[in-house]
Structure formats: C-alpha cells, structure tokens
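Visitor: Okay, sequence plus prediction incoming.
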Amino acid sequence: MPSIDQVIHNSPADNAGLRAGWELKTVDGNPIGDIIDYTMACAEEKLVLTVIDHQGHEQHIIVEKEIDQDLGLAFASPTLDRVRTCANHCAFCFVDQMPPGMRPSLYTKDDDYRLSFLSGSYITLGNVRPEDISRIIALRLSPLYVSVHAYDLSVRSDLLRFPQQVDFWAIFDALLAGGIDLHCQIVACPGRNDGAVLHQTLEELYRRRSGVASVTVVPVGLTCYRQHLPSMRLFTSAEAQAVISEVEYWDCCAEQSDGEHWVWASDEFFLIAERLDLLPTEENYQYFPYLENGVGLIRKFWSEWQHILTSASLQETAPVVLITGVSGARALGPIAEEIASERPIEIRTVVNNFFGSTVTVTGLLTAQDILEQVPPASVANCLVLLPDVVLREGSNLFLDDTTLDEVQCLYREAGAELRCIPADAAGLYAVLFQPNTRRRMARRISR
C-alpha cells in the first residue's frame, strides 16, 4: 500500500483529516496499486478513502472536492510504487555525464510509461511488457512521449546500448494501432543518427503521422564528465545547418499535406549553425508546446518582448547586469541592443565550468560559476538579474546546492541587488519598465 508522504495544507484531504504517514488502501473500494489507479479513482467529487493510520487501525474517510480538484496527497514515490528505471546505457545519456557528489535525485534515470503519460517524460519503450501495452490501450493513456532516435534498429541499439534486443517498432506500432498518440524525440548525434539515418527516421515517422503527433530533434549534450563512455562530439555549424534543412523539408511536407506543422529542430541547432535568422515564426511553433525540450524558447521570448513593447517606458533605476549562459547571451543580444539605447544594460555571459564549456544552457549554471565569473564587487551599485531556471523547480537551490539567499547576501554586501526573475519576456519587462505608460521602441529583432 502506498504511504502518504505529505498532506497539502488546506486541501480536501487535509480538511477531511488525512495525515502524513498513513497508508492508502482503497479509494471507493478500488485497490490502489500505482499512480494510474490513484488518478483514475480520484476523479469523482465525493470519495471514500480506506486508510491505515499510525496505530494500524483501518479508517474510512469521506473526502469532498471539486470535480477537477487535486485531492492534496503527496507520496514518497511519484508512481506510488517503484519507478521503472532505464535499463539502457545510452551513449549520449546526460545522467551518466553528471559529476559525483550531487543530490541523489539528479542520478535517477526513469523510463516509466506512467510518468510519460502524467508528466510528459520521454521513454524508450525498453521495459514495456505486453500487459503494459494492453493496459495503456484499455485505459487510453494517451499521449505518450517516446524517444525514437533512429528507425534503423541496429543504429538505435548502438546508441542506446540495450542489455537485450527489444522489438521497438512492434511496440511502437501496437500503441499506434490501439489509438495512442505518440510525441517523439530524436537525440541527434553527429556521424551516428544524422544525415541519411535522420532522413530515414523522419520519413518513417512521417508515414505514421496519423498517430505520431509531433517530432522534436535535439542535439546531443556533452559534459566534461564522460568517463568510460563511447566517443562522442558536438555538431559543427555545417552539420547543424543540415539538420535544420532536413527538419524543414519534412515539416514543409506535413504542412502541405495536412496544413499543420509537425516536426521541429531545437533552438540549439540554430545557435550552433549561427542562423537565428532561420528560426521558425511564432505561428509555426503552434503555441509553443515543446519548450521543455528546448524548442521555441528564443522565438517565444522575442515575440513576447515585441508584444509588450507596444506600451512601455523604461524605469529610471540603477544600471542593469543580466546574467545568462552562452546560448542565452546570443538570444538576448538583440533585446539588449534595444534597451541599451535607453538605459545602461550589460549581459554577463557565464561559461559552465562545472559541467564543461560544451554545456551552454542557462538552466545548468551553478552558483559557484556565477560568483567566480560575475564577482559581486564587479557589479556594485547595479541591479543584477538572474533567470529563475538556474534554480531547482519549487526551491531556491542551485544545482550545486547553494541557496539563492546565500548568493544574494554576497551581492548585497558588495552593494549590488541580485534579483531572480522569471525566464521570460514578461519577467524582464516587469523589472525594466514602468506600467501603464506608452512608449514605442525600435524593433530590430529578426522576425
């Protein structure tokens, strides 16, 4: 039976009297084996929960809530039972490239279809059993998010380094035949599954696009901790351009055939190719559903910035220093140029020494790299802005377990204000501009 780890304050569960440490036995008489059972059982407005309390006594508790309201219970495991972990040893696995000594959760490699359905995590289908396929189809656990990587199974096996062969495409097609929509991801590795291999993979996915809802192509990420892993390198500018062209070809085919966009290359390819002028339009990204996969972040930021500048006036405050990673600096360059004509602003680019300079995204910066490369004394009397993606979600911790409060204190002692802001245009706008005033700035950002 799953053990209740936390009862959210003032939630329906809290108001009904449930307590942390109790075990959940049934909901409306239905046994709770995992998170799918729990989610399905908790859909009604009035529920009877059978629990085992601290004394080992069985209690029946009535909980009332809104039809779409969360019950307010949190469990030690996100699946209520054991999370299915990845049995592969992928040549490009980022977890295997993590430095030692970090928090345990950063080393977890989940490969669980239940988490794929509930939270959109990508799975390889390597541990999906026949009974799982039947359950997925029977309960309509759609969509799922699947890591494809290559149509050629020998190439895919070489990349994923399976402990045993899995008939990936048989499982994939069985899910499609059962009416399950699949969002697909390809982690592209130069010389391995790009070029002709990528063309074949996208062609086969295109043939299945009635059930393949989307495809995103992202480049391999490499850190300086690749001990005992196969040789791997980053994309060159020309190779990144070739991937962009391949993706554009199949997206054009889908648009001409179905009137919808279907496949996207992540922003990193455009940065590597140094061709931000080729970024798809805001309309092409279709409300930006794949931001967490690095798809559309730059265009979304640029578009939001242009929308909010239709009525804006700069605040008269201290000079601004904006801290960002290497990729972020390239994307923010045009915006900083616009602001600089009205107010002093400086972008401070922080190189990721913690993971290695090949890691360029802002979200993987650590406090130690920020403090070393933007010393508090160097930004005295400045307003220092830091995107909140550097913090662990729902906390004030950096990846190196330094707290935001500790870093802010160091800057405060040097006479600077460090402010953590949302990593979007609205967050930057809220700091720099006066509300309810009208002023139009030049629009020099590439469309």
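Guide: In hand now; what should we look at?

Visitor: low pLDDT regions in the stretch 151-300 of the chain?
Guide: 163-165 (pLDDT under 70).

Visitor: Do a quick rundown of the strands in it.
Guide: 182-188, 212-219, 263-265 (DSSP state E, counting those that start in this stretch).

Visitor: Among these, which comes closest to Ala318?
Guide: Ranking the strands of the stretch 151-300 of the chain by proximity to Ala318 (CB to CB) places strand 212-219 first, at 37.8 Å. C-beta: built from backbone N, CA, C; applies to glycine.

Visitor: That closest one - contacts with which helices or strands?
Guide: strand 182-188, helix 195-207, helix 237-258, strand 263-265, helix 267-272 (3 or more CB pairs under 8 Å, 6 or more residues apart in numbering; DSSP states H and E).

Visitor: 10 Å - rerun?
Guide: Applying 3 or more CB pairs under 10 Å, 6 or more residues apart in numbering; DSSP states H and E, we find strand 212-219 packed against strand 144-147, strand 182-188, helix 195-207, helix 237-258, strand 263-265, helix 267-272.

Visitor: Provide the strand pairings for that strand, with the direction of each partner.
Guide: Here strand 212-219 is paired, per DSSP bridges, with strand 182-188 (parallel), strand 263-265 (parallel).

Visitor: C-alpha coordinates for that strand, CSV please?
Guide: Coordinates of each C-alpha in strand 212-219 appear next as CSV, following Å, rounded to 0.1, in the frame of the first residue of the first chain:
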residue,chain,number,x,y,z
VAL,A,212,2.7,10.5,-34.4
ALA,A,213,1.5,13.8,-33.0
SER,A,214,4.9,15.6,-33.1
VAL,A,215,8.6,15.1,-33.5
THR,A,216,11.4,17.2,-32.0
VAL,A,217,15.0,16.8,-32.9
VAL,A,218,17.6,17.9,-30.2
PRO,A,219,21.4,17.8,-30.3
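
Visitor: So which of the strands paired with strand 212-219 is the most surrounded?
Guide: strand 263-265 (a mean of 26; mean count of other CB atoms under 10 Å).

Visitor: Contacts for that strand, please.
Guide: By CB atoms under 10 Å, 6 or more residues apart in numbering, the residues outside strand 263-265 that reach it are 184, 186, 188, 202, 205-206, 209, 212, 214-219, 240, 243-254, 273, 278-280, 284-286, 289-290, 293-296.

Visitor: how about 6 Å then?
Guide: Identification of contacts with strand 263-265 by CB atoms under 6 Å, 6 or more residues apart in numbering yields 215-217, 243-244, 247, 250-251, 295.

Visitor: Could you spell out which stretches of this structure belong to which domain?
Guide: 4-75, 95-295, 303-434 (automatic domain parsing).

Visitor: residues of stretch 45-58 that come out buried?
Guide: For stretch 45-58, burial by neighbour count (16 or more other CB atoms under 10 Å) applies to 47, 49-52.

Visitor: In this protein, which residue is most central in space?
Guide: Glu292 (3.0 Å; CA atoms, centre = their mean).

Visitor: Skipping its backbone neighbours, what lies nearest that one in space?
Guide: Spatial nearest neighbour of Glu292, excluding adjacent residues (CB to CB, 6 or more residues apart in numbering): Gly120 at 7.3 Å.

Visitor: will you turn the strands of the stretch 151-300 of the chain into CSV that also has distance to Ile171?
Guide: Below are the strands of the stretch 151-300 of the chain laid out as CSV (distance: least, CB to CB, whole Å):
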stretch, distance to Ile171
strand 182-188, 11
strand 212-219, 14
strand 263-265, 22
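
Visitor: Quick one: closest of these to Ala426.
Guide: In terms of CB to CB, the element of the strands of the stretch 151-300 of the chain nearest to Ala426 is strand 263-265, at 23.1 Å.

Visitor: Can you give the distance of the closest one from its chain's centre?
Guide: 16 Å (CA atoms, centre = their mean, to the nearest Å).

Visitor: Ok, stretch 91-110 next?
Guide: For stretch 91-110, the distance to the chain centre is 16 Å (CA atoms, centre = their mean).

Visitor: Can I get that stretch in CSV, CA atoms only?
Guide: Only the C-alpha atoms of stretch 91-110 are listed here, as CSV (Å, rounded to 0.1, in the frame of the first residue of the first chain):
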residue,chain,number,x,y,z
ALA,A,91,25.9,6.7,-25.4
PHE,A,92,24.5,10.2,-25.0
CYS,A,93,22.8,9.9,-21.6
PHE,A,94,23.2,13.1,-19.7
VAL,A,95,22.8,11.5,-16.3
ASP,A,96,25.8,9.3,-16.9
GLN,A,97,27.8,12.6,-17.5
MET,A,98,26.9,14.1,-14.1
PRO,A,99,29.7,14.9,-11.7
PRO,A,100,29.9,12.9,-8.5
GLY,A,101,28.6,14.1,-5.1
MET,A,102,25.4,15.8,-6.2
ARG,A,103,21.9,15.2,-4.8
PRO,A,104,20.6,11.6,-5.4
SER,A,105,17.6,12.7,-7.5
LEU,A,106,19.9,14.0,-10.2
TYR,A,107,21.1,10.5,-10.9
THR,A,108,17.7,8.9,-11.3
LYS,A,109,17.0,7.6,-14.9
ASP,A,110,13.3,7.0,-15.1
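
Visitor: Quick one: mean pLDDT for that stretch?
Guide: Mean pLDDT, stretch 91-110: 86.

Visitor: ok, now stretch 28-40?
Guide: Rounded mean pLDDT across stretch 28-40 is 93.

Visitor: What is the end-to-end distance of it?
Guide: One end of stretch 28-40 sits 11 Å from the other (CA to CA, to the nearest Å).

Visitor: again, but for stretch 320-331
Guide: Using CA to CA, the two ends of stretch 320-331 sit 17 Å apart.

Visitor: Then stretch 399-416?
Guide: 23 Å.

Visitor: Which residues does that stretch contact?
Guide: Contact with stretch 399-416 is made by 366-368, 376-377, 379-382, 384, 396, 418, 420, as judged by CB under 6 Å, 6+ apart.

Visitor: Among those, find me the one that's closest to Gln306.
Guide: Cys420 (24.3 Å).

Visitor: does that closest one count as helix, strand or coil?
Guide: Secondary structure, DSSP: H, G, I helix; E, B strand; the rest coil: Cys420 is strand.

Visitor: and it, what are its bridge partners?
Guide: Under the criterion used (DSSP bridges), Cys420 bridges to Leu386.

Visitor: Distance check, it against Val431.
Guide: 11 Å (CB to CB, to the nearest Å).
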